[in-house]
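Undergrad: predicted coordinates and the sequence they were generated for:
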Amino acid sequence: MTSVILTDGGMGQELLRRSSTPPTPLWSARVLMDEPDLVRELHVEFIHAGARVITLNTYAATPERLAREGAGDMFQTLQKRGIDLARAARDATGDCAIAGCLPPLFGSYAPALTISYEDTLDIYRRIVAEEADHVDLFLCETMASADEGRAAATAAAESGKPVWVSWTLADDGPQARLRSGETLAAASAALGSLDIAARLVNCSRPETVDAAIDALKALGGTIGAYANGFTGTDALKHGGTVEVLHARHDLDPAAYAGFALGWVENGLDIVGGCCEVGPSHIAALRDRLLAAGHTISGVPHA
């Protein structure tokens, strides 16, 4: 049996489900503004469910998204609020690590960078500067192209904190390809000599993760996956709202835990959940892992 790092699930969809306001292009950043207690409470629920790594709820608090919605001056305020709420949840519950969040800058599943690599790197450096002193590692997540992942990982590595890079895979077409069409192997190779603590895939269908296991294992080192529970993601366009996306009805906590347990049994070291994977899913996964004889571990934190 193995030691497995269990992460939290998806914050955004769960927060919008609990929120009293309709979805906006600012997505979960709006909840940070208007209903911060929901964020802290959800972090607490994920920790109680067994997560030993939680991620800042700052996925939508990027300079571009905020400026597009007329809230550019809220960048530092929302970053600080996301940090404070995650730390408050940890203080209230006990042992877990906090991951800084380096998300796609221009919306999920959009592989084409709309600005230069250098400008992209500069924006990621701005986010790292806000988070670095308050997190235990950086998670570059839902990276849809090799350049996007390289820019985020470069900025994160400059902090001296451990760096996890997680790519989102196309759910249709050739196996183990990013939404840009690049192979997972090429995206990993693009990281060059950067010191990467873990390589993962996320926000793809569980079946897509299944098909990518061999390619993920071929990257070597610590590897992981956390899938989404969407029926599909093609309907979400730049600047749109997540109300166009729909949850699967066949991916209840038991079904999701079955997928993730299979990933662990095939050699993955880190598992958790992404969009539409809530605390009940993580709790079910924790129980299945323990019942199978695995141990659940975390990562060092300050």
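TA: Arrived safely, thanks for sending. As the structure is a computational prediction, the values presented were derived from the model and not from experiment. Numbers count the residues shown, from 1 in each chain.
Undergrad: contacts, neighbours, all on C-alpha from now
TA: Fine.
Undergrad: show me the shaky parts of this structure.
TA: For the chain, the stretches flagged by pLDDT under 70 are 1, 25, 27, 113-114, 230-246, 301-302.
Undergrad: quick one: the helices in it?
TA: Here the chain has its helices, by DSSP state H, at 12-18, 28-34, 36-49, 63-68, 75-93, 117-131, 146-157, 184-189, 206-217, 253-265, 279-291.
Undergrad: nearest to Ala197, of those helices?
TA: Proximity to Ala197 (CA to CA) singles out helix 146-157 among these, at 10.0 Å.
Undergrad: turn the helices of the chain into CSV, including mean neighbour count and distance to Leu178.
TA: Formatted as CSV, these follow (neighbours: other CA atoms under 10 Å; distance: least, CA to CA, whole Å):
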stretch, mean neighbour count, distance to Leu178
helix 12-18, 18, 22
helix 28-34, 21, 24
helix 36-49, 21, 28
helix 63-68, 18, 22
helix 75-93, 19, 28
helix 117-131, 18, 18
helix 146-157, 24, 8
helix 184-189, 18, 6
helix 206-217, 19, 11
helix 253-265, 18, 19
helix 279-291, 21, 25
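Undergrad: turn those helices into CSV, including distance to Thr168.
TA: Shown next, in CSV, are the helices of the chain (distance: least, CA to CA, whole Å):
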stretch, distance to Thr168
helix 12-18, 16
helix 28-34, 19
helix 36-49, 22
helix 63-68, 20
helix 75-93, 23
helix 117-131, 18
helix 146-157, 10
helix 184-189, 9
helix 206-217, 10
helix 253-265, 16
helix 279-291, 20
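Undergrad: for Phe138, which of the ones you listed is the nearest?
TA: helix 146-157 (6.2 Å).
Undergrad: so who does Arg199 touch?
TA: Residues in contact with Arg199 (CA atoms under 8 Å, 6 or more residues apart in numbering) are 164-166, 188, 216, 219, 221-224.
Undergrad: ok, and what's touching stretch 121-138?
TA: Here stretch 121-138 makes contact (CA under 8 Å, 6+ apart) with 62-63, 76, 79-80, 83, 97-102, 151-152, 154-156, 159, 161-164, 300-302.
Undergrad: list phi and psi for Gly94.
TA: Gly94 adopts backbone torsions of phi 120, psi -140, taken as degrees, to the nearest 10.
Undergrad: got the contact list for it?
TA: Not one residue lies near Gly94 by CA under 8 Å, 6+ apart.
Undergrad: what about it, distance to Arg68?
TA: According to CA to CA, to the nearest Å, Gly94 stands 37 Å off from Arg68.
Undergrad: check Leu102 too.
TA: The spacing between Leu102 and Arg68, counted by CA to CA, is 18 Å.
Undergrad: now Thr142
TA: Distance from Thr142 to Arg68, by CA to CA: 20 Å.
Undergrad: in strands only, show me the contacts of Arg199.
TA: Among the contacts of Arg199, the members falling in strands are 164-166, 223-224 (criterion: DSSP state E).
Undergrad: any chance of a markdown table for the residues you listed, columns distance to Glu131 and neighbour count?
TA: Shown next, in a markdown table, are the ones in strands among the contacts of Arg199 (distance: CA to CA, whole Å; neighbours: other CA atoms under 10 Å):
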| residue | distance to Glu131 | neighbour count |
| --- | --- | --- |
| Trp164 | 15 | 25 |
| Val165 | 16 | 27 |
| Ser166 | 18 | 26 |
| Ile223 | 24 | 24 |
| Gly224 | 23 | 28 |
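Undergrad: so which of those comes closest to His48?
TA: Looking at these and their distance to His48, the nearest is Gly224, at 21.3 Å (CA to CA).
Undergrad: what's near enough to touch Ile47?
TA: Neighbour list for Ile47: 8, 54, 90, 93, 96 [criterion: CA under 8 Å, 6+ apart].
Undergrad: just checking, Ala260 touches Ile270?
TA: No - between Ala260 and Ile270 there is no contact under CA atoms under 8 Å: 9.5 Å.
Undergrad: what about the closest residue to Ile270 other than its chain neighbours, distance to Arg68?
TA: Among residues not flanking Ile270 along the chain, Gly224 sits closest, at 4.2 Å (CA to CA, 6 or more residues apart in numbering). Distance of Gly224 to Arg68, computed by CA to CA: 33 Å.
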